[in-house]
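**Student:** Fold the following, please.
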Amino acid sequence: MASKRVLDKGTPKERIQVNFEIKTADGRRKRSSKTFPASTPKKTINAFIRKVEEEYEASSGIVLETYKVTLREFTEIYLKDYVSRKLEPTTQNNYKQMLNEKNHGILVELGDCQLMKLDRRQVQRYVHLLQDHGLSPKSVKNYVMLLSGIYEYATKYGYIEAKRNPCSMVDLPKQNKKQISVYSPEEISVLLKLINENNDELLQFAVYCGVGLGLRRSEIAGLTLSAVNLKDHSIHISQAKVYAGRKEFLKATKTQAGDRLVFMSEEVEKIVRQRISKYKENRLKHGRVFNDSGFLFSDEFGNPMHTSIIGNRFAKFIKKNSAQLPHITFHGLRHTFASNLITQADADIVSVKELMGHSSVSTTLSVYSHSFDERKRALAEKMNGIMAIEKQAVSQ
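**Tutor:** Below you'll find the predicted structure:
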């Protein structure tokens with residue numbers, strides 16, 4: 001354990017050195033030491049020795065040099081022990097991008113700071129730097145949340161003292177609520193007419209799933225033959241196809257609530273049936289060279305297609321038909337589905353939440369508050385009509 005010895009005894013430079021064993025933050029065993037002036041009282045030195053030995057025993061041999069560990073060094077531990085074991089590949093990829101982004105990554109700007117010494121003022125300056133680089137308020141928040149998560153992990157496992165998170169009480173830019181773009185019932189009719197004439201079966205299939213079922217691109221790309229039940233006109237949404245870097249992954253839906261059963265209208269089912277028939281036709285046509293993957297969003301040989309193809313083809317389609325349709329993203333079709341459920345079909349909030357696969361009603365209300373406002377306005381007008389009738393009856 002700890003030991004002490006006198007250095008330069010009998011000279012003006014005489015001092016007392018305490019040697020002890022530690023494990024660094026990355027788990028390596030090494031020797032460390034602390035030097036005291038020769039005039040230091042024995043009880044002070046002995047108290048230091050007891051403290052080191054107690055910490056060593058209490059931590060199963062781990063006495064951390066936290067005053068030396070940098071944010072970069074600890075982040076390596078965080079990535080290895082937590083991120084790589086607990087989080088989805090897409091999240092891992094996003095974290096690594098935020099940490100190492102060339103111009104404003106967390107480690108690029110703050111990596112050499114000592115874990116214990118990074119303070120709130122430095123984090124606040126980093127927030128300002130992110131804003132200066134043009135990041136949106138939401139993106140800035142994501143960077144700070146990642147940094148905060150690293151410090152929470154450090155606190156949880158005793159790398160730093162509690163309440164040492166420099167991200168607490170940092171001022172973040174205000175997130176202005178973005179108005180979502182959706183199509184009206186009339187515009188939906190134009191969209192479907194044009195997509196049916198477009199001679200692109202895959203895009204037609206994707207558009208009907210988006211505007212008719214409210215599915216995400218990743219969910220459409222992850223649809224398989226086995227997910228479709230034509231007897232009860234339903235589709236089980238249980239997985240999504242995502243990409244982390246250049247690697248493709250199939251993962252469970254975004255949230256537990258995302259695992260859901262959606263029911264097809266006659267028009268949607270017609271397109272889904274056509275897509276299934278085409279898949280089976282291609283399987284017979286190409287025989288052994290056909291990749292029987294089961295994915296409906298696949299090429300002529302059954303090979304699953306990249307999720308980005310949906311957005312890219314749709315963007316070109318909208319640009320081509322800009323004279324007849326206002327601009328909207330493919331994700332806007334999902335919003336269109338939900339908005340029209342509320343304003344046209346009078347769907348209740350719980351049903352909308354379940355159909356959209358949201359984890360909570362508050363999420364649904366937050367995203368589609370404008371649509372619910374329109375519905376409430378329509379109800380107020382109906383109530384006004386009722387009161388006018390009652391007033392007329394009284395006057396008679």
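
**Student:** The stretch 251-396 of the chain: strands as residue ranges?
**Tutor:** 260-263 (DSSP state E, counting those that start in this stretch).

**Student:** so where's it uncertain?
**Tutor:** 254, 379, 382, 384-396 (pLDDT under 70).

**Student:** go with 90
**Tutor:** Residue ranges of the stretch 251-396 of the chain with pLDDT under 90: 251-258, 342-349, 358-396.

**Student:** In this structure residue 180 contacts residue 371, no?
**Tutor:** No: with contact defined as Cβ atoms under 8 Å, residue 180 does not reach residue 371; the gap is 9.0 Å. Heads up, the C-betas are built off the backbone N, CA and C, glycines and all.

**Student:** Residues in contact with both of the two, list them for me.
**Tutor:** residue 339 (Cβ atoms under 8 Å, 6 or more residues apart in numbering).

**Student:** which one of these two has more residues nearby?
**Tutor:** Per other Cβ atoms under 10 Å, whichever of residue 180 and residue 371 has more neighbours is residue 371, with 23 against 18.

**Student:** and that one, how far is that from residue 318?
**Tutor:** According to Cβ to Cβ, to the nearest Å, residue 371 and residue 318 sit 22 Å apart.

**Student:** And for residue 217?
**Tutor:** Distance, residue 217 to residue 318, by Cβ to Cβ: 15 Å.

**Student:** If you count surrounding residues, which of the two has more?
**Tutor:** Taking other Cβ under 10 Å, residue 217 and residue 318 do not tie; residue 217 has more neighbours (25 against 19).

**Student:** what's that one sitting at in phi/psi?
**Tutor:** Backbone torsions of residue 217, given as degrees, to the nearest 10, read phi -60, psi -50.

**Student:** Report the contact partners of it.
**Tutor:** Residue 217 makes contact with 206, 210, 307, 310, 311, 330, 331 under the criterion Cβ under 8 Å, 6+ apart.

**Student:** Check which helices and strands the one helix or strand the first one maps to sits against.
**Tutor:** Secondary-structure element containing residue 206, defined by DSSP states H and E: helix 201-213. Contacting helix 201-213 under the criterion 3 or more Cβ pairs under 8 Å, 6 or more residues apart in numbering; DSSP states H and E are the following elements: helix 185-196, helix 217-221, helix 266-286, helix 308-320, helix 331-343.

**Student:** tell me which residues of it are tucked away?
**Tutor:** The neighbour-count criterion (16 or more other Cβ atoms under 10 Å) identifies 202, 203, 204, 205, 206, 207, 208, 209, 210, 211, 212, 213 as the buried residues of helix 201-213.

**Student:** just how off-centre is the helix or strand where residue 85 lies within its chain?
**Tutor:** In the assignment (DSSP H and E), residue 85 maps to helix 84-86. Taking Cα atoms, centre = their mean, to the nearest Å, one finds the center of helix 84-86 at 15 Å from the center of the full chain.

**Student:** residues making contact with it?
**Tutor:** Here helix 84-86 makes contact (Cβ under 8 Å, 6+ apart) with residue 92.

**Student:** And the next helix or strand past that helix?
**Tutor:** Following helix 84-86 toward the C-terminus (DSSP H and E): helix 89-100.

**Student:** Remind me what that next one packs against, helices and strands.
**Tutor:** helix 106-110, helix 137-156, strand 239-244, strand 247-252.

**Student:** what's around the residue nearest to residue 289 when sequence neighbours are not counted, how many residues?
**Tutor:** Spatial nearest neighbour of residue 289, chain neighbours left out: residue 301 (6.5 Å); criterion: Cβ to Cβ, 6 or more residues apart in numbering. As a burial measure, residue 301 scores 13 neighbours (other Cβ under 10 Å).

**Student:** Kindly report the same for residue 168.
**Tutor:** When neighbours are counted by other Cβ under 10 Å, residue 168 comes out with 11.

**Student:** Report the separation between the residue most central in space within the chain and residue 11.
**Tutor:** Centroid-nearest residue in the chain, with Cα atoms, centre = their mean: residue 91, separated by 6.4 Å. Look at residue 91 and residue 11: by Cβ to Cβ, they are 59 Å apart.
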